[in-house]
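>>> need coordinates for the below:
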Amino acid sequence: MKTVTLYTDGACSGNPGPGGWGVILEYNGYEKELSGGEANTTNNRMELTAVIRGLEALKEPCVVELYSDSKYVIDALEKGWAWGWKQRGWIKSDKKPALNPDLWEQLLDLTRKHQLRYHWVKGHADNPKNNRCDELAVAQWKRIKGE
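Residues are numbered from 1 along each chain as shown. Next up is the predicted model:
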């Protein structure tokens with residue numbers, strides 16, 4: 001299987017508010033940038049959407065080195081929390097409803113197709129690819145907001 005590096009980020013102006021997501025896919029020296037946004041969303045929804053859109057862009061099953069500054073996304077996948085939420089009918093261990101089950105459902109389906117390795121990176125720090133994803137995401141919410 002090919003190994004692809006996937007950098008993702010989501011951003012929101014207000015939470016909820018206009019939001020954007022950014023993705024960088026790297027394979028064999030090539031890079032592809034993707035981005036998009038929504039008029040009324042949350043930061044976590046944009047973080048999830050970024051990972052989903054990045055994985056959807058892959059044309060075949062891959063080993064994916066996923067880099068994200070979202071503890072919500074990385075921990076829920078790496079620690080298996082999202083699978084537990086799904087098994088309990090989208091209820092968390094504290095008996096509260098899990099948020100964003102529609103996006104988690106899509107993401108969990110995609111994780112079955114690919115082999116993911118998870119890497120949390122500090123946001124707005126020294127990872128140039130994460131910073132670029134943030135720029136892409138912010139540009140999207142600014143476009144939606146009319147800035």
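>>> hey, let's count contacts and neighbours off CA atoms from now on
Will do.
>>> surely residue 18 touches residue 43?
No: counting by Cα atoms under 8 Å, residue 43 is not a contact partner of residue 18; they are 9.3 Å apart.
>>> what touches both of the two?
Common neighbours of residue 18 and residue 43, using Cα atoms under 8 Å, 6 or more residues apart in numbering, are residue 12.
>>> what about the residue in the chain sticking out farthest from the centre, which SS state?
Distance from the centre of the chain peaks at residue 95, with 24.8 Å (Cα atoms, centre = their mean). Following DSSP: H, G, I helix; E, B strand; the rest coil, residue 95 is assigned to coil.
>>> tell me how far it lies from residue 84.
12 Å (Cα to Cα, to the nearest Å).
>>> pull out the buried residues from the longest helix belonging to the chain.
Counting by DSSP state H, the longest helix found in the chain is helix 128-145. If you call a residue buried by 16 or more other Cα atoms under 10 Å, then helix 128-145 has these buried ones: 129-144.
>>> just give me the residue closest to the centre of the chain.
residue 51 (3.0 Å).
>>> how many neighbours does residue 10 have?
Other residues near residue 10 come to 33 when the count uses other Cα atoms under 10 Å.
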